[in-house]
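sequence and predicted structure, then a few things I'm wondering about:
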Amino acid sequence: MDRLLNTIRPYAWGSTTALPELMGTASDGTPQAELWMGAHPAAPSRLLRASGPEPLDALIRARPAAELGEAALRRFGPRLPFLLKLLAVETPLSLQVHPDLARAAVGHRIENSQGVPLDAPHRNYRDDNHKPEMIVALGGFEGLCGFRQPAHCADLLEALRLPELAPHVGALREEPEEPALRAVFSAFLAAPRVLVDAVAASVAREAEGAERHRSVWEVYDGIARARPGDPGLLAALMLQHVRLAPGEGIFLGAGVPHAYLRGLGVEIMASSDNVLRCGLTSKHVDAEELLRVVRFTASPVRVLRPAAHGAETEEVYPAPVDDFRLSRIRPSGGSCAVLEATAPQILVCTRGWIRLSGPHGSLSLAPGESAYAPAGEQITLRGEGEAFRATVGAGHAPGTGRATDVHMKPWN
């Protein structure tokens, strides 16, 4: 078991204060968007050892069976299959989707054959892996996730009172779900600047003057102000707005369009950097490839809540993948959790203090601090506070937590 030294990614959409406040450090005024914990080659964590910091990805390459365990090594190869993050969102992230395994493999192979460098800004597929992910709110957290029902999309667009949107309203009311969503979403991604500006002005008018549903319009007005002229605004109007309370989460599978808007959370994902963007960003946009990947179905948002598993203090969030397993641990009053895993695990403290004890020593974690333990190492956790534990899932079991389907109404 080793304490980790992690990298903070300074993306422009990040908060200047959220991570410093969590970690008890001074803000330097620059965005601090993501704290990465894992072995992703773009920013691997380093183990703090007496001999000096040791990159986790290098350790796993040198001792794959010992670090990963035989089952994880057979399933995923010599790599840590998950990446854990603390995410601090101040302004909207890009509107994006992630590919499934089959499309990731094809896209990666095609771009390799074309000689596109792995670090090229216009590269879509930097690896051959999928990128399912889960976000759990630490405070209030907002995002866009999945398509609204076509009739609800039509209601929202009709309220803007723009004749240019009338054909799209008609398609959403009259055509079957999949072709209607596909046609309107595709048209919106190619919308001219004059239409984007007209929609932004109508949204601003509703956000300022509407008595009903003002909070909904304020969300989209904030998006329009953050990314003026971006056609992603029109696409965002088709997506469900989600607010998460602390401890609630959502799982995002392949092909689900989404964008995070604001808030602080714990994010876990398969270790991949495959992101297809279509708006609300200054990064590379490839709408044509994204449209090949998007799943044009309107499904309810599943808000996840954890449930007790094993130790009384450990609660597991359900996920339909085995790349990762995320749980929350809240010890208090002398309670403890005994954490055993046949795969490696990373623990991060998010509140109070946590004490970890293992066969080779112990260490304490304050908020924002994390530790890594290899496969097979039993850890006892005590403290007063909260920690999140990331490890590898067992098969494709959905986990023991609870999921509530939230059927979004025309105004939510």
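Now that the structure is in, tell me what you want to look at.

for the residue lying farthest from the centre of the chain, phi and psi?
Ranking residues of the chain by C-alpha distance from their mean position (C-alpha atoms, centre = their mean) puts Pro163 at the top, at 36.1 Å. Here the main-chain torsion angles of Pro163 (degrees, to the nearest 10) amount to phi -60, psi -30.

secondary structure element for the residue lying closest to Glu174 once chain neighbours are set aside?
What sits nearest to Glu174 in space, not counting adjacent residues and going by C-beta to C-beta, 6 or more residues apart in numbering, is Ala180, at 7.7 Å. Quick note: C-beta positions are derived from backbone N, CA and C, even for glycine. Remark: Ala180 resides in helix 177-189, with elements defined by DSSP states H and E.

give me the contact list for that helix.
For helix 177-189, contacts defined as C-beta atoms under 8 Å, 6 or more residues apart in numbering pick out 147, 150, 153, 168, 171-172, 174-175, 231-232, 234-235, 237-238, 257, 278-279, 287, 291, 294, 296-298.

so which of these belong to helices?
150, 153, 168, 171-172, 174, 232, 234-235, 287, 291 (DSSP state H).

residues near the closest residue to Arg277 other than its chain neighbours, how many?
The spatially closest residue to Arg277, leaving aside those adjacent along the chain, is Ser94, at 4.4 Å (C-beta to C-beta, 6+ apart). Residues within reach of Ser94, counting by other C-beta atoms under 10 Å, total 22.

my guess is Asn274 meets Arg123, correct?
No - counting by C-beta atoms under 8 Å, Arg123 is not a contact partner of Asn274; they are 9.6 Å apart.

that older thread, any buried residues in the helix or strand following the helix holding Ala180, and which?
Next along the chain after helix 177-189, taking DSSP H and E as the criterion, comes helix 193-209. Of the residues in helix 193-209, those buried under the neighbour-count criterion (16 or more other C-beta atoms under 10 Å) are 195-196, 198-200, 202-204, 206-207.

sec struct for Pro78, please.
With DSSP: H, G, I helix; E, B strand; the rest coil as the basis, the three-state label of Pro78 is coil.

run a quick neighbour tally on it.
Neighbouring residues of Pro78 were enumerated by other C-beta under 10 Å; the total is 15.

what about the nearest residue to it once chain neighbours are set aside, how many neighbours?
The shortest distance from Pro78 to any residue that is not its chain neighbour, by C-beta to C-beta, 6+ apart, is 3.8 Å, and that residue is Pro64. Taking other C-beta under 10 Å as the criterion, the count of residues near Pro64 is 17.

separation between Pro64 and Arg46?
Pro64 sits at a distance of 18 Å from Arg46 (criterion: C-beta to C-beta, to the nearest Å).

Three-state assignment for Asn274, please.
Taken by three-state DSSP, the conformation at Asn274 corresponds to coil.

separation between it and Asp221?
If you measure Asn274 against Asp221 using C-beta to C-beta, the figure is 31 Å.

with Glu70 instead?
As defined by C-beta to C-beta, Glu70 lies at a distance of 53 Å from Asp221.

again with Glu164
When C-beta to C-beta is the yardstick, Glu164 and Asp221 sit 19 Å from each other.

neighbour count winner among the two?
For the pair Glu164 and Asp221, the greater number of neighbours falls to Asp221 (20 against 13), based on other C-beta under 10 Å.

could you pull up the mean pLDDT of whichever strand or helix holds that one?
Secondary-structure assignment from DSSP H and E places Asp221 in helix 214-226. Average pLDDT, helix 214-226: 94.

only C-alpha atoms, please: export that helix in CSV.
The C-alpha atoms that make up helix 214-226 are tabulated as CSV, following Å, rounded to 0.1, in the frame of the first residue of the first chain:
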residue,chain,number,x,y,z
ARG,A,214,-37.3,29.8,-15.6
SER,A,215,-34.8,27.5,-14.0
VAL,A,216,-34.8,25.3,-17.2
TRP,A,217,-34.2,28.3,-19.4
GLU,A,218,-31.4,29.6,-17.1
VAL,A,219,-29.5,26.3,-17.6
TYR,A,220,-29.5,26.7,-21.4
ASP,A,221,-28.9,30.5,-21.2
GLY,A,222,-25.8,29.7,-19.2
ILE,A,223,-24.6,27.3,-21.9
ALA,A,224,-25.3,29.9,-24.6
ARG,A,225,-23.3,32.5,-22.7
ALA,A,226,-20.4,30.2,-22.1
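
what packs against that helix?
helix 193-209, helix 232-236, strand 258-270 (3 or more C-beta pairs under 8 Å, 6 or more residues apart in numbering; DSSP states H and E).

who's in contact with that helix?
Counting contacts by C-beta under 8 Å, 6+ apart, the residues outside helix 214-226 that touch it are 91-92, 142, 156, 199-200, 203-204, 206-207, 210, 232-233, 236-237, 241, 261, 280, 411-412.

check stretch 161-174 too.
Outside stretch 161-174, the residues that touch it by C-beta under 8 Å, 6+ apart are 150-151, 153-154, 157-158, 180-181, 183-184, 187-188, 195, 198-199, 202.

now the buried members of those.
When burial is judged by neighbour count using 16+ other C-beta under 10 Å, the buried members of those are 150, 153-154, 157-158, 180-181, 183-184, 187-188, 195, 198-199, 202.

break the protein down into its domains, please.
Listed domain ranges for the chain are 149-237, 305-391 (source: automatic domain parsing).

of the ones you listed, which is nearest Arg75?
The closest of the domains of the chain to Arg75 is domain 305-391. By C-beta to C-beta, the value is 7.1 Å.

sounds good, over and out.
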